[in-house]
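Trainee: how would this look folded up:
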Amino acid sequence: MAGTPPARRRRISIALTKLRENSALTCAQVGQALDWSGSKVNRMETGSGRVQPSDVDALCRFYGTSDELREFLKSLAREAKTRGWWQVHGAGVPEWFNIYIGLEQDASTLRQYQCEVLPGLMQTEAYARELHTTGAHMSAEDIDRAVRVRLERQAMLTRPDAPEAWFVVNEGAVRNVIGDREVMREQLERILETTELPGVTLQVLPFDSGTYPATGSFTMLGFPAPEDPDLVYRDGITDAVYLEGEHHVREYTRAFDGLRAAALSPQRSARLIQSVVKEYSK
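Mentor: Residues are numbered from 1 along each chain as shown. Now for the predicted structure:
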């Protein structure tokens, strides 16, 4: 991974879990051997708490790892304490979304289905502001911060090492008027511009597509290193769920492939969006 703090913590969690499983020990047994609680070991493996370099050192010595691996994991633990660029915006970005942004920045592939709104990585400032303002219990300052983070995230699509990004959006997200017709016209024009970027693909799932294999928006992130498994991300109003098991990734991959098959081709999708832009231009 390139090295955002959430990515480093995830790499540590994966490595520590594998080391314990290879030793055929439970968290409770490891904790007892180190005079810790089993819950502390579990928190280190799940990434639900900060991992201290000294704790990583103790675990690696207990598992008998090489000096090289021990020093590498300790360096990750030290670097994981740094703050990502998006974290300076405080309450404008909730903690559970901070984690996602860090992982998103390190992804080499991104597959996303949106059933209600257009993808955040393609949103205009006006569209994003409407979404954050409507029904949100946020101060004007925090809304400004949230919108700024959303716009800054979009730079990842124009990086030299930009991820391969594939989006499927429901036709309802294309036609649902957020703000007013002018906001939507500009937003859809931005969508068309973004799909011209190398590595960016967008398909529209039309109203007449019939039954399709999905029950809500989700994002799948893939990473360049084989030791960093793919994950599925789903968020709500107050929290988010991260799914990393092979079964979850396999089923969501199958669902996304089904959505792509049911959606219009990228070319037909662009023509549909262009037709809606013309409607909003009248």
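
Trainee: where's the residue lying closest to His248 once chain neighbours are set aside, which helix or strand?
Mentor: In space, and not counting its chain neighbours, His248 is closest to Val232: 5.5 Å by CB to CB, 6 or more residues apart in numbering. In short, each C-beta sits where N, CA and C put it, glycine included. Assessed by DSSP states H and E, Val232 sits inside strand 231-235.

Trainee: hang on, the earlier thing: who's in contact with the residue nearest to His248?
Mentor: By CB atoms under 8 Å, 6 or more residues apart in numbering, Val232 lies in contact with 218-220, 242-244, 248-249, 252.

Trainee: which residues are in contact with the closest residue to Ser269 other than its chain neighbours?
Mentor: The spatially closest residue to Ser269, leaving aside those adjacent along the chain, is Val204, at 4.1 Å (CB to CB, 6+ apart). By CB under 8 Å, 6+ apart, the contact list for Val204 reads 168-171, 174, 263-264, 268-269, 272-273.

Trainee: let me see the mean pLDDT of the helix or strand encompassing Val204.
Mentor: Secondary-structure element containing Val204, defined by DSSP H and E: strand 200-205. If you average the pLDDT over strand 200-205, you get 98.

Trainee: do a quick rundown of the strands in the stretch 1-150 of the chain.
Mentor: With DSSP state E, counting those that start in this stretch applied, the stretch 1-150 of the chain shows strands at 109-114, listed in chain order.

Trainee: centre of the chain to the worst-scoring helix or strand of the chain on mean pLDDT, how far?
Mentor: Lowest by mean pLDDT, DSSP states H and E among the helices and strands of the chain is helix 95-106, with a mean of 77. With CA atoms, centre = their mean, to the nearest Å as the basis, helix 95-106 stands 6 Å off its chain's centre.

Trainee: kindly report the same for stretch 236-250.
Mentor: Per CA atoms, centre = their mean, the centroid offset for stretch 236-250 relative to its chain is 10 Å.

Trainee: likewise for stretch 43-63?
Mentor: Using CA atoms, centre = their mean, the offset of stretch 43-63 from its chain centre is 24 Å.

Trainee: same deal with stretch 208-221?
Mentor: On CA atoms, centre = their mean, the centre of stretch 208-221 falls 17 Å from that of its chain.

Trainee: can you check stretch 218-225 too?
Mentor: Mean-position distance between stretch 218-225 and its chain equals 8 Å (CA atoms, centre = their mean).

Trainee: buried residues in it?
Mentor: For stretch 218-225, burial by neighbour count (16 or more other CB atoms under 10 Å) applies to 218-223.

Trainee: what's the closest of these to Leu69?
Mentor: Phe223 (19.1 Å; CB to CB).

Trainee: from what I see, that closest one and Asp106 are in contact.
Mentor: Yes - taking contacts as CB atoms under 8 Å, Phe223 lies within contact range of Asp106: 6.3 Å.
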